[in-house]
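Trainee: Could you work out the structure for the sequence below:
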Amino acid sequence: MASIDSTNSYPNIEIIVVDNGSKINSVPEWKTKYPGVKFIRSEKNLGFAGGNNVGVKDATGEYLFFVNNDTEFTDGLVKTLVDLMDQHPEVGMVSPKIRYFDEPDTLQYAGYTPMNYYTCRNATIGQFEKDNGQYDHTTGQTGYGHGAAMMVRREAIDKAGLMAENFFLYYEEMDWCDRIKKAGYQVWVEPRALIYHKESVSVGKDSALKEYFMNRNRILFIRRNAPFHAKLIFYVYFMCLVAPRNILAYHQKNYKGFTGWLFKAIWWNFTNSTNSSKLGYPLN
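Mentor: Predicted coordinates:
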């Protein structure tokens, strides 16, 4: 669970923890230990989007702050983000600056560049740089918020809808950002607010699960959000360049079974609608 220090207490704050299908149900114990926290359990793993959506349905706040369970708060984090939302009603989502927990002076995120829909690629601003405050005066619009920590206006959620649960893992927050922007809101980064993130703790840096959903959802994201002409160019780019390059990398690294999961990721997009709830990956 993300650490929420007493220095981050806010006059009217509601803390909701979602147990998203863990094998051991610790909710009764947690309720006794933390009586001021609302605990919700899903018996099934609903993925990143589904788990967050469960929390949204029980939340009562005007602003909802979504944080991963592998994050660490810093002083004034919540207040800084709330103040920005109060002052800028055009902002539908804002993310703080993120540093790596294990390398606390190194940036993970200080914003995103816009998406290139022809290649489905963009860049993370500041990633791997030493944080010397070089981005602390860049508060404003950014390409996308970061799924590890994003504060979202309830009104924007009502207009854009909840996160698409069929992504399950990866790209769902980018899809959500695009829909929030299409609903008339802006997505900002607030580098004066800071959170620490323990990256790739739950999935691992190299896993079939990650590879499958990264490829499947990259295609799905383009299908849902790109203009028609950009989709066509992306499909050619992915099949002629990305897929062969990935297969070569799998063989070089001796990643057994990864090529099969790549083809399954592609085939899923041929055989399922953009709103299909089928995952195509055995999770249990």
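Trainee: Near Tyr196, how many other residues are there?
Mentor: When neighbours are counted by other CB atoms under 10 Å, Tyr196 registers 21. In short, each C-beta sits where N, CA and C put it, glycine included.
Trainee: ok, now which ones touch it?
Mentor: Thr71, Glu72, Thr74, Ile98, Arg99, Tyr100, Phe101, Pro104 (CB atoms under 8 Å, 6 or more residues apart in numbering).
Trainee: try it again with 6 Å
Mentor: Tyr196 makes contacts with Glu72, Arg99, Phe101, as judged by CB atoms under 6 Å, 6 or more residues apart in numbering.
Trainee: Looks to me like the first one is in a strand.
Mentor: Think Glu72. Yes: the assignment for Glu72 is a strand, going by DSSP: H, G, I helix; E, B strand; the rest coil.
Trainee: how near is the nearest residue to it once chain neighbours are set aside to Tyr109?
Mentor: Spatially, and ignoring its direct neighbours in sequence, Glu72 is nearest to Tyr196 (4.1 Å; CB to CB, 6 or more residues apart in numbering). Using CB to CB, to the nearest Å, Tyr196 is found at 11 Å from Tyr109.
Trainee: picking that back up, what pLDDT does the residue nearest to Glu72 get?
Mentor: With respect to pLDDT, Tyr196 scores 96.
Trainee: Just want the phi and psi numbers for Glu190.
Mentor: phi -120, psi 90 (degrees, to the nearest 10).
Trainee: Thr119 now?
Mentor: Torsion angles, degrees, to the nearest 10, at Thr119: phi -120, psi -10.
Trainee: What helix or strand is the closest residue to it other than its chain neighbours located in?
Mentor: Using CB to CB, 6+ apart and skipping residues adjacent in sequence, the residue nearest Thr119 is Tyr237, 5.7 Å away. Using DSSP states H and E, Tyr237 sits within helix 228-237.
Trainee: Sort out which residues of that helix are buried, please.
Mentor: For helix 228-237, the neighbour count (16 or more other CB atoms under 10 Å) marks Ala230, Lys231, Phe234, Tyr237 as buried.
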